[in-house]
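In: Turn this into a structure:
(chains A and B)
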Amino acid sequence: MSHPTGVDHHKPHAAHEVHHEELGFWRKYVFSTDHKVIGIQYAVTGMLFLLFGFVLMMLMRWNLAYPGVPLPIIGTLFGDARMPGGTMLPEFYNELGAMHGTIMVFLGVVPLAVGGFGNFVLPLQIGAPDMAFPKINMMSYWCLFLGGITMLGSFFVPGGAAQSGWTSYTPLSVIAGSGQTWWLVGMIFLITSSLLGALNFLTTTIQLRAKGLTFMRFPFFVWAQFVTSFLLLLAFPPLEAAGVMQLMDRVAGTSFFMPSGLVVSGQVLANAGGGNTVLWQHLFWFLAHPEVYVLILPAMGIVAEIIANNTRKPLWGYRAMVYSIVFLGFVSFIVWAHHMFMTGMGTAMAAFFQTTTMIISIPSIVILTSLMLSLWGGSIRFNTPMLFAVAFLPMFGIGGLTGLPLGLNISDIPLHDTYYVIAHFHYVVAPGTIFALFAGIYYWYPKATGRMMNETLGRIHFWGSLVMMNVVFMPMFIVGLAGVSRRLFDAGSAYDFAQPVMQWNVVSSWGAWLMGIFQIPFIFNFFWSIRNGKTVSANPWEATTIEWAAPSPPPHGNFAVEPQAYRGPYEYSVPGAAKDFTPQHEAT
Amino acid sequence: MDIPYTVEVRRDTGLNNGKIGIWLFLASEVMLFGALFASYILIRVGSPSWPRGDTILDVPLATFNTIVLISSSVTMVMAWASLMRRQFGKFRIYMGATILFGLVFLIVKYFEYSHHFAIGEYPSHNNFLAVYYTLTGLHMLHVIGGMVVNAYFWGPGAKLYQTNPVWFTNRVEHSGLFWHFVDLVWIFLFPTLYLL
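Out: Here you go, the predicted model:
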């Protein structure tokens, strides 16, 4: 900005080059328009929120394992309004529960999986110099940031943060304390962020792919992000609409979701009434079911990349996987009401949503099976990313298969709202998606920093996490099948029927705390390796996709020469080739 | 470093980046207003009685506003067409008219709102008014957003015309697409709220 404008007019190109070298600290690292910096910002923000959400859960686990027992030392830090004498109040438990869900989904996994990996990897993998709209990209990150600040700030308002669960079901959320209003405002920021990100990803993928990179030559990760972006683009606006209506209900006193004659604490509420409570659930799940696929598809994409690379052979059934993921994207819009069998919907509607739910399991199984079969006959390298990627398969498998009984009305009704549901979706998202995200971090870390992460620490992190994940979540199936409801702040200790399974809560809780300890090697490794990791060349994993053609770390503008794609994404171990990988960007 | 296809068209897609971006954005806007219209229908069919729009709202005023918005769409197209013919002066006039029509729409809306407020018809009064204020309010925010973008292209943004007229014309076209969408939403709002 300091040079005279005359330079800009006469030599726009030269001026641009100079301009980039002059970028100060703020424009380069904070308000950057470079997709790689924004990707890292997203990823670090996402990881911090994952850690924060995990801490909230570790607190909750105390009261679930030892209901009513004061939490030593830490418990006294929260004050008398939340934990008098170290004993957790139910309101505080609800706060933690609602914010754990919200933060993990909207501020943890999505920013890391879509914002982080999408921003960093996708333009590199399609051979683009940057995203199509760099300024919108920056805006998308800062919207997320504001949304995150709003959510965090809500802990400090009178009455505390939102307490109505991440689903914020009406009418309770409408009559809840002021934290819920903050939640809604925060969500509107987060939705705006996703929306801007999604249209940027789609435009980038369609327009900026390298010469010769046709859609069927896309790495599977690009396909996964492409479908994910469509889901974000089209599924989030209905939640925004619902959020606006709930905000109106709370702030302007309308009755979109408030039925007539609602009695709260013995008093009839003085609102106009005539609203539809279940409408909120429809609008929410119309987003939130596609959102489930937003959480899992990028994970599948990451795992596919790593499995192809470390088995040194092409993915088994690439085409079938691509068709499956596209089909999955479409069908994910018509399964939402399987979250709502408990509302007492009619049999015709239940039949429709059961059928679509069973249909949508088919493409998921095709993808998972293809990934399993890809392992067959490969000379597998078991490095840290591969360990996480391979562990993803059975863990996601458990999560997916235990979901089938929940997709059928008749078996859902006894299981729904028990710990079984918690175990099911956490198997999908925690040892499923989050393992894939760890795999992705270990795999692309050398590209982002130019250094490897430490293998030994990685293995400690992996085995500890794998064992502890199962110690946390497997007992929840047992607790759930015994009929213990979720969301009970005392884990159901008031009920006789829950007594035989109460000790499993202690197992789960210790699993969670030990899992926290096993994240320490990862956090240390992540920061230590920035300076002390082994330096790497452009392509340390001997991979075939285009991101490895760029230097590690890639400079502004990414590639020294504009890359071109000559072949499909996974040409490993081509018979007769000189080496066991033939990169997409190398002309024979 | 320059992003490819910001101005020129990519051969195999036949589009530039901005065109795809704005259409994708409009797709998400369709989902936003679609969800609101769907909620409106659901709440309306689920309620035992629902007032006809014309018993509460001022139809002649809204008809006037409809005409104003449609005219603004016409001038928007004229503004873009003037740029295509490289007639910058005419562009300024038509774009100015578009912004002015938007302003007239907002002023009329202000009188409508303040009339309802004056007789105590707030959003909390009943669900008809809740739907009315939410839908028209959100639409109004879109009108304001469109006006801000148009005003930018009328004023400081027009500098781009001197250096890259093709790019500037594209930008006006994209902002025009948004403006037509905002009109279209009103075309749906007018009958469903005021007449039915």
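In: alpha carbons only for contacts and neighbour counts from here, please
Out: Noted.
In: Mind pulling up the pLDDT for residue A:21?
Out: Listed pLDDT for residue A:21 reads 57.
In: Same question for residue B:8.
Out: Taking residue B:8 on its own, its pLDDT is 92.
In: What's the local residue count around residue A:504?
Out: Per other Cα atoms under 10 Å in any protein chain shown, the neighbour tally for residue A:504 reads 20.
In: Oh, that last question was meant for residue A:72, not what I typed.
Out: The burial count for residue A:72: 11, using other Cα under 10 Å.
In: Retrieve the pLDDT associated with the nearest residue to it once chain neighbours are set aside.
Out: Excluding its sequence neighbours, the residue lying closest to residue A:72 (Cα to Cα, 6 or more residues apart in numbering or on different chains) is residue A:86, at 6.7 Å. Residue A:86 is assigned 92 on the pLDDT scale.
In: Number of residues surrounding residue A:86?
Out: For residue A:86, the neighbour count with other Cα under 10 Å is 20.
In: Touching, it and residue A:67? I think so.
Out: No: contact criterion Cα atoms under 8 Å: residue A:86 and residue A:67 do not qualify, at 11.6 Å.
In: how about the helices in chain B?
Out: Assigned by DSSP state H, chain B shows helices spanning B:17-45, B:53-56, B:59-84, B:88-118, B:127-154, B:160-163, B:165-189.
In: tell me the angle the longest one makes with helix B:165-189.
Out: By that I understand helix B:88-118. 30 degrees (axes from the mean of the first three to the mean of the last three Cα atoms, to 10 degrees).
In: how about the residues of chain A near chain B?
Out: Selection of chain A residues close to chain B by Cα under 8 Å from any Cα of the partner chain yields A:9, A:16-17, A:129-132, A:195, A:199-200, A:203-204, A:206-208, A:233-235, A:237-238, A:240-242, A:245, A:248, A:252-256, A:271-276, A:279, A:283, A:556-557.
In: List buried members of those residues by neighbour count.
Out: A:129-132, A:195, A:199-200, A:203-204, A:206-208, A:233-235, A:237-238, A:240-242, A:245, A:248, A:253-256, A:271-276, A:279, A:283, A:556-557 (16 or more other Cα atoms under 10 Å in any protein chain shown).
In: Okay, and which of those map to helices?
Out: Using DSSP H, these in helices are A:195, A:199-200, A:203-204, A:206-207, A:233-235, A:237-238, A:240-242, A:245, A:248, A:279, A:283.
In: which non-adjacent residue is nearest residue A:88?
Out: residue A:82 (6.4 Å).
In: Distance check, the one you found against residue A:239.
Out: 31 Å (Cα to Cα, to the nearest Å).
In: Tell me how many other residues crowd residue A:297.
Out: For residue A:297, the number of neighbouring residues by other Cα under 10 Å comes to 26.
In: Helix or strand for it, just tell me which one.
Out: According to DSSP states H and E, residue A:297 maps onto helix A:277-311.
In: Tell me which other helices or strands that helix touches.
Out: Secondary-structure packing of helix A:277-311 (3 or more Cα pairs under 8 Å, 6 or more residues apart in numbering or on different chains; DSSP states H and E): helix A:220-251, helix A:318-331, helix A:347-375, helix A:384-401, helix A:435-449, helix B:17-45.
In: Ok, which of the ones you listed comes nearest residue A:111?
Out: Residue A:111 lies closest to helix A:435-449 among these, at 11.1 Å (Cα to Cα).
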